[in-house]
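# Quick one, what's the 3D model for this:
(one chain, ligands or ions: 1)
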Amino acid sequence: SMAASAGHIPLHHVRSPVPQGRRHTLPASEFRSLSPEDAISVFEIEREAFISVSGECPLHLDEVRHFLTLCPELSLGWFEEGRLVAFIIGSLWDQERLTMDALTLHKSHGATVHIHVLAVHRTFRQQGKGSILMWRYLQYLRCLPYVRRAVLMCEDFLVPFYQKSGFKALGPAEITVGPLNFIEMFYPVRGHAFMRRNSGC
Ligand SMILES: CC(C)(COP(=O)(O)OP(=O)(O)OC[C@H]1O[C@@H](n2cnc3c(N)ncnc32)[C@H](O)[C@@H]1OP(=O)(O)O)[C@@H](O)C(=O)NCCC(=O)NCCS
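Got it, this is the predicted structure:
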């Protein structure tokens, strides 16, 4: 039997074989822009994170495909061993504040990145991943010369979370979704000459 033949091998070596093959094919951790082929994975996370809670979600499946087709460079996915665990989807906007149109349009000449959604897969929450992904995304935006600021809207209870990433509250958003109200927040991507000079782009 296994137990008899493995008599002199420390138990943890028998029980925890290192998956050598997988290690070479799938990176433990990878960050990359999303493509329309990732839409289903995105929507699976949205379904659990939003629809099961409020019946609504920031982007429906067709809207996810829409933005990942029009502006994939404004998205960022975090993959663990090939599996999507967190993502951000953004598009461009061309006004000071968000209006209902911002939910569905990509204004390709705009200087504002509208972050439609940040979500982390349920089993990976409360591990700092949401904050880390947002940090990497904002760093990346600094390297896009046409981007001046980022805006998002969130429910009251997440205002402190986004403040920790450097966002400032602008006040109540004009947009409502059913019974849901939101606070609009902004981040100055190009606020200071100092940041521009030291951005490492
Ligand atoms: C919100 C979200 C993106 C944060 O990502 P995360 O990786 O879990 O967050 P981090 O580990 O980086 O940071 C944790 C912080 O996020 C905030 N936070 C996360 N979920 C929260 C919640 N339900 N209520 C209030 N604050 C919350 C808190 O500030 C928390 O810090 P704390 O544990 O010290 O209080 C993620 O939890 C998520 O996708 N949630 C599901 C979607 C969601 O809740 N959206 C809001 C509308 S339904």
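
# burial of the closest residue to residue 99 other than its chain neighbours, as a residue count?
In space, and not counting its chain neighbours, residue 99 is closest to residue 174: 5.8 Å by C-beta to C-beta, 6 or more residues apart in numbering. The way it works is simple: take the backbone N, C-alpha and C, and place the C-beta from them, glycine included. Neighbourhood size, residue 174 [other C-beta atoms under 10 Å]: 13.

# Checking my notes, residue 174 in a helix, right?
No: Residue 174: not assigned to a helix; according to DSSP: H, G, I helix; E, B strand; the rest coil it is coil.

# The ligand versus residue 56, what's the distance?
9 Å (C-beta to the nearest ligand atom, to the nearest Å).

# shouldn't that residue be in contact with residue 46?
No: using C-beta atoms under 8 Å, residue 56 is not in contact with residue 46; the gap is 9.9 Å.

# which of those two has more neighbours?
Legend: neighbour count by other C-beta under 10 Å for residue 56 and residue 46, higher for residue 46 (22 against 13).

# per-residue pLDDT, that one?
With respect to pLDDT, residue 46 scores 97.

# Reduced to three states, what does the residue nearest to the spatial centre of the chain come out as?
The centroid of the chain falls nearest to residue 88 when counting by C-alpha atoms, centre = their mean (2.3 Å). Applying three-state DSSP to residue 88 yields a three-state assignment of strand.

# quick one: it and residue 114 touch, right?
No: checked against C-beta under 8 Å, the pair residue 88 and residue 114 is beyond contact range at 11.2 Å.

# Tell me the residues on this structure that lie near the ligand, please.
Within the chain, the positions near the ligand by C-beta under 6 Å from any ligand atom are 49-50, 53-54, 118-120, 125-131, 155, 157-158, 160-161.

# Sitting in helices, which of those do you find?
Among the residues of the chain next to the ligand, the members falling in helices (DSSP state H) are 53-54, 129-131, 160-161.

# Just the buried residues of the residues you listed.
129-130 (16 or more other C-beta atoms under 10 Å).

# Quick check: phi and psi at the residue nearest to residue 99.
Main-chain torsions, residue 174, degrees, to the nearest 10: phi -70, psi -30.

# out of everything not next to it in sequence, what's closest to residue 94?
Here the residue nearest residue 94, using C-beta to C-beta, 6+ apart, is residue 110, at 3.5 Å.

# go on, residue 69?
Nearest one to residue 69, counting by C-beta to C-beta, 6+ apart, is residue 36 at 5.3 Å.

# quick one: buried residues of stretch 48-62?
In stretch 48-62, counting by 16+ other C-beta under 10 Å, buried: 49-50, 57-59.

# re earlier: what's the neighbour count on the residue nearest to residue 94?
Other residues near residue 110 come to 18 when the count uses other C-beta under 10 Å.

# From residue 32, how far off is residue 139?
15 Å (C-beta to C-beta, to the nearest Å).

# Same question for residue 124.
Counting by C-beta to C-beta - residue 124 and residue 32 are separated by 17 Å.

# Tell me which of the two has more neighbours.
residue 124 (16 against 12).
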